[in-house]
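# Below are the sequence and a predicted model for it; my questions follow.
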Amino acid sequence: MYCIAKGKAHKKYEYGCKASIVLTQNTDIIVGAMSFEENIYDGKTLEAVLEQTKELTGQYPKTATVDRGYQGVRLVKT
């Protein structure tokens, strides 16, 4: 667990771990999940999570829908 500075007036800090979860688009079945011990940029976690999903399912997802934390990431090398 670590402290994350949010920079928001109503919530300056949060405590916890960063986690990424991969769901199927239509059925919302969880096909991958990872937690990270550091507070790293979300875009740097995407490649690792997609690689884990390939190991578990045998294929990479065709598309990925992410939140604003991944802003600026357009292409991931797989």
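Thanks, I have the structure now.
# Tell me how far G43 lies from Q59.
To Q59, G43 is 22 Å away according to C-beta to C-beta, to the nearest Å. (C-beta placed from N, C-alpha, C; glycine too.)
# Comparing these two, which residue is more hemmed in?
Of the pair G43 and Q59, G43 is the one with more neighbours under other C-beta atoms under 10 Å, namely 15 against 9.
# Pass me the low-pLDDT residue ranges in the chain, would you?
Applying pLDDT under 70 to the chain flags residues 1, 73, 77-78.
# Provide the partner residues of the spatially most central residue of it in its beta bridges.
With distances taken as C-alpha atoms, centre = their mean, S20 lies nearest the centre of the chain, 3.5 Å away. Counting by DSSP bridges, S20 forms beta bridges with M34.
# Check the gap between the residue at the greatest distance from the centre of the chain and G69 for me.
The C-alpha centroid of the chain is most remote from A9, which lies 25.0 Å away (C-alpha atoms, centre = their mean). Shown here: A9 relative to G69, a distance of 19 Å by C-beta to C-beta.
# can you give me the strands in the chain?
Counting by DSSP state E, the segments of the chain that form strands are 2-5, 13-16, 18-23, 30-36.
# now the helices for the protein?
42-57 (DSSP state H).
# isn't G69 right up against D42?
Yes - applying C-beta atoms under 8 Å, one finds G69 in contact with D42, separated by 3.7 Å.
# And those two? Which one has more around it.
Summary of the neighbour comparison: G69 and D42, criterion other C-beta under 10 Å, with D42 having more neighbours (17 against 12).
# who touches that one in this structure?
Shown here is D42, whose contacts under the criterion C-beta atoms under 8 Å, 6 or more residues apart in numbering are K18, S20, V66, D67, G69, Y70, V73.
# Distance check, it against F36.
As defined by C-beta to C-beta, D42 lies at a distance of 10 Å from F36.
# what sits in contact with each of the two?
Between them, D42 and F36 share these contacting residues under C-beta under 8 Å, 6+ apart: K18, S20.
# tell me, how many neighbours does Y13 end up with?
By other C-beta under 10 Å, the burial measure for Y13, its neighbour count, is 10.
# hmm, back to that, and which of the contacts of D42 is nearest I30?
The shortest gap between I30 and any of the contacts of D42 belongs to S20, at 11.1 Å (C-beta to C-beta).
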